[in-house]
Structure formats: C-alpha cells, structure tokens
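Trainee: Turn this into a model:
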Amino acid sequence: MYSFYAFEGSFSQGGGGWEHLEVCSSFQELDASVAYYVRTGSWAAGGAFVIRVYRHGKLLAERGLDPFLTVKVPGLTAMQFSEDLRASGGVPEPGGRYDGMNEGGIWEVLPQDMYELALESPEDIQVSIAWDGLALPELASPTLPPGVRVILDGRELEYGRNSTLDGCI
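Mentor: Now for the predicted structure:
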C-alpha cells in the first residue's frame, strides 16, 4: 500500500454544494491544490478544509487548514484565522473595492469576487500555508505514483484533482 496526502475542500447545503479532493504525494502538489481551492472563492463559503495523511493506505493524521492559512485579496488586508475560525485581518484597504463595507457585506460578496478575480489573474490572490505549524507526518515509502487510483471512503479517486470545481479557473 502507498502513502499519500488527500486534500479536501467541500461545502454542502441542502441538496447542493461542491467538493474538491486532491490525492498527491508531494508538498508542492498539496500547496498548489490548496491555493487553487482558495482562489476559486469556495473556501470563503466555509465547509471542510482539511488535509489527510495516509501511510500505507491507512489514515494517519487529519489537520484542519484554517488556522494555518493566510489569504491576501486585493482591497483587503491579509486574513488569518484562529482555531475557533475567528478571522483577523481582512480589513478594507483605503480606496479599495471593500472600502466602507462592513464585515458581513464583505463576506457576502467575497466568494464571487475571488472567483471573478481568479478567472482574470489568479496570482493576485496570495495564498500561503504555515506548513511548519501544520506539522504533517512524513510520508513513508512507497509513495503513491501518478496514474494510480486509491479507494477512500468507498470511492475510487484518481491521483491528482477530483473536483466538481474543475473549469472554475
């Protein structure tokens, strides 16, 4: 059995929602997956936002990402979150898109704004994870190679992106 990372960003409401699952075996792929998900604006709506580490096919660790995430969207100061998901930062910058808006108004439009910005210039949304603080366990050999599928919770997933968000950016 292989060792690998699985990133999940998902949101469910009533009969709808989305999910973004990525199976990979490197931090670079993991970092790119998290950045993609955040830049779609989906992360701002809440829901699951976790990394799972599998060693030899068995779940070894699960970590929520919110307290380790920093996001900088044009027009707002950098945002960070505590363990209880309270936001700090995210204050409107003078003369920016959100200047004069209250926090509720910002969060109401932020997911769509991020999505639209990601379509035009995704690199303008800065996303970073404090990987050292996250303290993920190391993967053990052998690691999952590209092209191999895994079964998680009774579902077969391909190496790489398995997402209902594909085509968003």
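Trainee: What are the boundaries of the strands in this protein?
Mentor: In the chain, the strands defined using DSSP state E lie at 4-13, 16-24, 48-55, 58-64, 69-72, 79-81, 87-89, 126-129, 149-152, 155-158, 160-163.
Trainee: among those, which gets the worst mean confidence?
Mentor: Comparing mean pLDDT across the strands of the chain, the lowest value falls on strand 16-24: a mean of 80.
Trainee: mind checking how far the residue most central in space within the chain is from residue 47?
Mentor: Among the residues of the chain, residue 34 comes closest to the average C-alpha position under C-alpha atoms, centre = their mean, at 3.6 Å. From residue 34 across to residue 47, the span is 14 Å (C-beta to C-beta, to the nearest Å). Any C-beta I mention is one placed from the backbone N, CA and C, and that applies to glycine too.
Trainee: Skipping adjacent residues, who's closest to residue 96 in space?
Mentor: On the basis of C-beta to C-beta, 6 or more residues apart in numbering, the spatially nearest residue to residue 96 that is not a chain neighbour turns out to be residue 75, at 3.2 Å.
Trainee: before we move on, what about residue 61?
Mentor: Here the nearest residue to residue 61 in space, its sequence neighbours aside, is residue 53; by C-beta to C-beta, 6+ apart that works out to 4.5 Å.
Trainee: What count of nearby residues applies to the one you found?
Mentor: When counting by other C-beta atoms under 10 Å, one arrives at 19 neighbours for residue 53.
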